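> Sharing a sequence plus its predicted fold:
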Amino acid sequence: MAIKDNLNNILEEIEEARKHSITNEEVKLITVTKTRTIEEIEEVINCGILDIGENKVQELKDKINLLNNSAINYHMIGNLQTNKVKYIYDKVYLIQSLDRLSLLKEINKKAKTDNIFVNCLVEVNIADEEQKGGVLYSQVEQFIEDCLDYENVKIKGLMTVAPNIDDEVFLRDCFRRMFKLKEKIERKNYNEVEMKYLSMGMSGDFKIAIEEGSNMVRIGTRIFGNRN
Ligand SMILES: *Cc1c(COP(=O)(O)O)cnc(C)c1O
């Protein structure tokens with residue numbers, strides 16, 4: 001099926017899930033374009049999609065240059081090495097994968113030099129998966145407090161990549177705990193922290209994620225087809 005048709009189907013499914021969600025909040029679609037060609041990406045841009053997610057610095061950097069379109073919001077969604085922050089910190093709308101102190105410090109340092117603010121989501125390792133990035137669930141509140149000391153990094157919410165399993169009950173519980181955590185942090189009323197985005201839900205699990213309170217989904221496969 002054509003990308004445009006896939007996209008319209010996804011937008012309908014998002015809207016349907018939103019109606020049954022605990023918040024009824026608007027849901028933002030981030031189109032995940034890793035491994036896709038510029039032509040494929042331009043197809044979604046022509047459909048009005050302006051939020052693009054990439055998981056590798058080099059690929060993100062290349063695509064920013066090739067697309068050369070200042071209307072696009074770029075989202076860094078993958079593991080970010082500290083020594084690569086310099087290539088993207090001032091070019092992205094959101095770094096969604098802030099997950100450790102060394103990264104926080106580096107982003108802050110670069111942002112401070114330029115006198116800018118960099119918006120980030122704290123990535124949460126919701127199911128304590130060993131090989132996965134993200135702050136452990138039990139350590140997120142402390143990490144958010146650590147962020148308060150780094151004034152050029154602005155926390156705008158939480159992100160998670162749920163376990164890649166086919167267990168709806170388990171996934172629902174993961175998403176529910178993320179929503180509760182977001183609410184808990186919100187209630188602390190930190191001046192510098194805004195729990196605006198809860199980024200969770202991918203091709204296989206976005207409906208459940210939205211039902212449980214996600215307001216930002218990151219979808220690739222269901223729009224472009226399987227990656228090679
Ligand atoms: C690849 C990726 C996605 C999208 O995954 P699909 O299953 O293709 O929708 C979402 N989030 C992150 C962090 C990713 O790396």
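Nice, thanks for sending it over. Numbering: from 1, shown residues only.
> and the residue lying closest to residue 212 once chain neighbours are set aside, how many neighbours does it have?
The shortest distance from residue 212 to any non-neighbouring residue, by CB to CB, 6 or more residues apart in numbering, is to residue 175 (3.7 Å). The C-beta positions use only the backbone N, C-alpha and C, and glycine is treated the same way. Residues within reach of residue 175, counting by other CB atoms under 10 Å, total 24.
> How about residue 149?
Residue 149 has 11 nearby residues by other CB under 10 Å.
> Can you give me the distance of it to residue 108?
9 Å (CB to CB, to the nearest Å).
> Also residue 39?
For residue 39, the distance to residue 108 - CB to CB - is 37 Å.
> The two: which is more packed in?
With neighbours defined as other CB under 10 Å, residue 39 and residue 108 compare such that residue 108 has more, 21 against 8.
> Report the secondary structure state of that one.
What DSSP: H, G, I helix; E, B strand; the rest coil gives for residue 108 is helix.
> and the gap between it and residue 168?
Note on residue 108: its distance to residue 168, by CB to CB, is 39 Å.
> Repeat that for residue 80.
Taken as CB to CB, the span from residue 80 to residue 168 is 30 Å.
> Low-confidence regions, this structure specifically.
1 (pLDDT under 70).
> in it, which spans are helices?
According to DSSP state H, the chain carries its helices in the segments 3-19, 38-46, 57-67, 85-88, 101-114, 140-147, 168-187, 206-211, 221-224.
> how about these in JSON lines, adding distance to residue 31?
Output for these, formatted as JSON lines (distance: least, CB to CB, whole Å):
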{"stretch": "helix 3-19", "distance to residue 31": "8"}
{"stretch": "helix 38-46", "distance to residue 31": "5"}
{"stretch": "helix 57-67", "distance to residue 31": "12"}
{"stretch": "helix 85-88", "distance to residue 31": "18"}
{"stretch": "helix 101-114", "distance to residue 31": "24"}
{"stretch": "helix 140-147", "distance to residue 31": "27"}
{"stretch": "helix 168-187", "distance to residue 31": "21"}
{"stretch": "helix 206-211", "distance to residue 31": "12"}
{"stretch": "helix 221-224", "distance to residue 31": "6"}
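> wait, which of those is closest to the ligand?
Evaluated over these, closeness to the ligand peaks at helix 221-224, with 3.4 Å, by CB to the nearest ligand atom.
> Which elements pack onto that closest one?
helix 3-19 (3 or more CB pairs under 8 Å, 6 or more residues apart in numbering; DSSP states H and E).
> anything in the helix it packs on near the ligand?
No - under the criterion of CB under 6 Å from any ligand atom, the ligand is not reached by helix 3-19; the shortest gap measures 9.7 Å.
> Kindly report the same for stretch 131-150.
No - on the criterion CB under 6 Å from any ligand atom, stretch 131-150 is out of touch with the ligand, staying 9.1 Å away.
> For that stretch, list the C-alpha coordinates in CSV.
The C-alpha trace of stretch 131-150 is given here as CSV (Å, rounded to 0.1, in the frame of the first residue of the first chain):
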residue,chain,number,x,y,z
GLN,A,131,20.5,-4.4,27.3
LYS,A,132,18.3,-1.4,27.0
GLY,A,133,18.9,2.3,27.5
GLY,A,134,16.8,4.4,29.8
VAL,A,135,16.8,5.4,33.5
LEU,A,136,15.4,2.6,35.6
TYR,A,137,11.9,3.2,36.8
SER,A,138,12.9,3.4,40.4
GLN,A,139,15.5,6.1,39.7
VAL,A,140,13.6,8.4,37.5
GLU,A,141,12.5,10.8,40.2
GLN,A,142,16.0,11.2,41.4
PHE,A,143,17.3,11.8,37.9
ILE,A,144,14.7,14.5,37.3
GLU,A,145,15.9,16.2,40.5
ASP,A,146,19.5,16.0,39.1
CYS,A,147,18.3,17.7,36.0
LEU,A,148,17.2,20.7,38.0
ASP,A,149,20.8,21.7,38.4
TYR,A,150,21.4,22.0,34.6
